[in-house]
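Student: Sharing a sequence plus its predicted fold:
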Amino acid sequence: MYFKQIRLTDMGCASYLIGSEQSGEAAVVDPSWDIEVYLKEAEAKGLKITRIFETHLHADHVSGNRRLAQLTGAEIYLHKLAKAEFPYQAVEGGSIITFGEVQIKVLATPGHTWESITLLVEDTANPQTPAKLLSGDTLFIGDVGRPDFAGQEGAGTLFDSLKREILPLADDTEIYPAHLAGSLCGRSMSAEPSSILRIEKATNPALQYTDRAAFVDFLTADLPPEPADFRRIVELNRVGVPTEQPRLVELEWDELETIRVGSAKLIDIREPDAFWSGHLTGSLNVPPGLSQFGANVALFVTPTTPIVLVVNNAGEALQAQNALGVVGRYNLVGFIRFAKVVTLADTSAQNHRIEAPALVTQLENYYPVVIDVRDLGEFEADCLPVAVNIPLRQLPKRLSELEANKEKPLVVLCAAGNRSSLATSYLLSQGWTKALNLRGGMEALRALVPVGQH
């Protein structure tokens, strides 16, 4: 049996290709929007993709299941409670699907969502090898799935699913989840891409609870805010998204000017240093080094807003289009190379960046307004005493908290300067004309002022 984990690192997602050496067939589990990786891998191994499994209707990314099915003719498998509006094979707990030496047993594990399943994969030609559990969003490495969609009842049901279906499995069962560290779907996932059930039983905090009520309290306490697009993406995955991406169009300046008269949003994906040297007025800076690229664009751009990408080259634009497709942003008008508009760029942007030594000098003389857009855990681990924590994901909804400082210099920082670059460009677009991005973030600041010295 052939088995490979395929990671979408930007979103913290994992999908799987399972192939039969006997029959030449393959299954893909939890495919991402960009399906080329599965097609290329299957072709390289001489496999034909005949089956596509979804462990549940995902909330953080748009699935590529229909795109993959259209190209390969493969059947899509979902739990019967998914009630998807496209053709699929309905499965339930106890369903068994075989091809060649591959046996896939469906375990019904509701809790994260009501239609959640996990897949127990066994190689019948090598029965001595440990089974592989594709655990979806039920069991992560060092964590379990969030119960946002099913609430307190779902949290209790997740406890039941773990106790009934997963914990009784053989201790050497290999665990392969649908999400990894960096995903929005968990709280404290390990950086490890896989694990063994024996290790999870011993170390996973969620698996230490033997009391259902205590588990529910643990799982529902201090949940991070639900990302704004979660429910919309679930519905896209239930209804079925377009199977083809629109053709990527390169724009000229006169076309861009016409588009900007309307409601189009400029997303400049160049690195912060390039962006703050000069950019088109009103642009949002979402650099490629910023994880969760598509999700971060979605924070500030509605699904119906036309998007124009500002890029260095067409290759960057294509990568960005794929990342936007992952979060259901398909209204991409086109892209323009910055080189074509460099003479029209606002070079006063340089005045909206502050270096770490300059901020240190300010901190020694007076208390400037400082906004830290890192997540709460990062902020609590190491922060400036004068800083106010407004995580990037919460910024659009918490703008009113900054209204009193709209006419004052306001320094925005994060870990390395990527998130703060987006936040600063957003604040400028909303009228905070004196917002400043700290170049290099806390990393640059701590090189000058170690922890404990303020």
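Tutor: Here it is on my side, so go on.

Student: drop to CA atoms for contacts and neighbour counts, all remaining ones
Tutor: Noted.

Student: which residues sit in contact with A323?
Tutor: 293-294 (Cα atoms under 8 Å, 6 or more residues apart in numbering).

Student: quick one: what helix or strand has it in it?
Tutor: Using DSSP states H and E, A323 maps to helix 314-326.

Student: now that helix, how far from the centre of its chain.
Tutor: 15 Å (Cα atoms, centre = their mean, to the nearest Å).

Student: which SSE is A423 in?
Tutor: A423 belongs to helix 418-429, assigned by DSSP H and E.

Student: helices or strands up against that helix?
Tutor: Counting by 3 or more Cα pairs under 8 Å, 6 or more residues apart in numbering; DSSP states H and E, the packing neighbours recorded for helix 418-429 are strand 284-285, strand 410-413, strand 435-438.

Student: Take the ones you listed and lay them out in CSV including distance to R51, mean neighbour count and mean pLDDT.
Tutor: As requested, those are exported to CSV (distance: least, Cα to Cα, whole Å; neighbours: other Cα atoms under 10 Å; pLDDT from 0 to 100):
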stretch, distance to R51, mean neighbour count, mean pLDDT
strand 284-285, 40, 28, 96
strand 410-413, 46, 26, 96
strand 435-438, 48, 28, 96
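
Student: Save those strands as JSON lines, and put in distance to S420 too.
Tutor: JSON lines is the format used below for the helices and strands packed on helix 418-429 (distance: least, Cα to Cα, whole Å):
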{"stretch": "strand 284-285", "distance to S420": "9"}
{"stretch": "strand 410-413", "distance to S420": "5"}
{"stretch": "strand 435-438", "distance to S420": "6"}
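
Student: Out of those, flag the one nearest V29.
Tutor: strand 284-285 (33.6 Å; Cα to Cα).

Student: Quick check: next helix or strand after the closest one?
Tutor: helix 293-300.

Student: picking up where we left off before, model confidence over the helix holding A323, on average?
Tutor: What helix 314-326 shows for mean pLDDT is 91.

Student: need the helices for the protein, in chain order.
Tutor: 36-44, 65-72, 151-161, 197-203, 212-220, 230-239, 253-261, 272-275, 293-300, 314-326, 356-365, 376-381, 418-429, 441-448 (DSSP state H).

Student: Tell me how far the first one lies from the chain's centre.
Tutor: This means helix 36-44. That offset, for helix 36-44, works out to 23 Å (Cα atoms, centre = their mean).

Student: tell me which residues in it are buried?
Tutor: If you call a residue buried by 16 or more other Cα atoms under 10 Å, then helix 36-44 has these buried ones: 38, 42.

Student: Now the helix holding A423: average pLDDT?
Tutor: The average pLDDT for helix 418-429 rounds to 96.

Student: How far off centre is that helix?
Tutor: Computed by Cα atoms, centre = their mean, the separation of helix 418-429 from the middle of its chain amounts to 19 Å.

Student: what angle sits between it and helix 293-300?
Tutor: If you take axes from the mean of the first three to the mean of the last three Cα atoms, to 10 degrees, helix 418-429 sits at 30 degrees to helix 293-300.

Student: Please save the CA atoms from helix 418-429 in CSV.
Tutor: Taking Å, rounded to 0.1, in the frame of the first residue of the first chain, the C-alpha atoms of helix 418-429 are listed here in CSV:
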residue,chain,number,x,y,z
ASN,A,418,4.3,40.9,8.4
ARG,A,419,1.1,41.0,10.3
SER,A,420,1.7,44.5,11.4
SER,A,421,2.4,45.6,7.8
LEU,A,422,-1.1,44.4,6.9
ALA,A,423,-2.6,46.0,10.0
THR,A,424,-0.9,49.3,9.3
SER,A,425,-1.9,49.4,5.7
TYR,A,426,-5.5,48.6,6.8
LEU,A,427,-5.5,51.4,9.4
LEU,A,428,-4.2,53.9,6.8
SER,A,429,-7.0,52.9,4.4
